[in-house]
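In: quick one: sequence plus predicted model below, questions after.
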Amino acid sequence: MTPQTELVVIVVYVPHTDAEAVRAALAEAGAGAIGDYRGCSWSTSGQGRFTPVEGANPTIGGIGVEETVPEDRIEVIAARSDARRILEAMIAAHPYEEPAHHVIPVLSAAELP
């Protein structure tokens, strides 16, 4: 990526048991390219909580039952122009029916006061 490339940070929450597969899918799709390094990511561990409601097809748990799952928060940087393709690869590798994720725009140093 060149310094002029618009960047985003992609954040996803994934069960700890599936984190390596999701990290690999993100890297394979091109996320985490920083200079001469590839597959760069940052992770923290925590607990995800959710309650599936009627109409859900939960991977873990059952309808109306609150779940607490050991999860990793994975963050990667990506070119904005590649973000949709990278998100699609992440979603395909993710075990959840509706993976929690978000995309954050990155400001360059030149954009700061």
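Out: Great, that's in hand.
In: rest of the way, CA atoms for contacts and neighbours
Out: Will do.
In: mind checking the SS state of the nearest residue to residue 70 once chain neighbours are set aside?
Out: Closest residue to residue 70 apart from its sequence neighbours, by Cα to Cα, 6 or more residues apart in numbering: residue 47 at 4.7 Å. Judged by DSSP: H, G, I helix; E, B strand; the rest coil, the three-state class of residue 47 is strand.
In: confidence score at residue 47?
Out: The model reports residue 47 with a pLDDT of 97.
In: just residue 59 next, same as before
Out: Note on residue 59: pLDDT of 91.
In: list the contacts of it.
Out: Applying Cα atoms under 8 Å, 6 or more residues apart in numbering to residue 59 gives the contacts 95, 96, 97.
In: narrow the residues you listed to those in strands?
Out: Among the contacts of residue 59, none falls in strands (DSSP state E).
In: pull out the buried members of those residues.
Out: Neighbour counting by 16 or more other Cα atoms under 10 Å classes 95, 96 among these as buried.
In: quick one, strands of the protein?
Out: Secondary structure of the chain (DSSP E): strands at 7-15, 42-50, 67-79, 101-105.
In: okay, these, which one's buried deepest?
Out: Stretch with highest mean neighbour count among the strands of the chain: strand 7-15 (a mean of 22; mean count of other Cα atoms under 10 Å).
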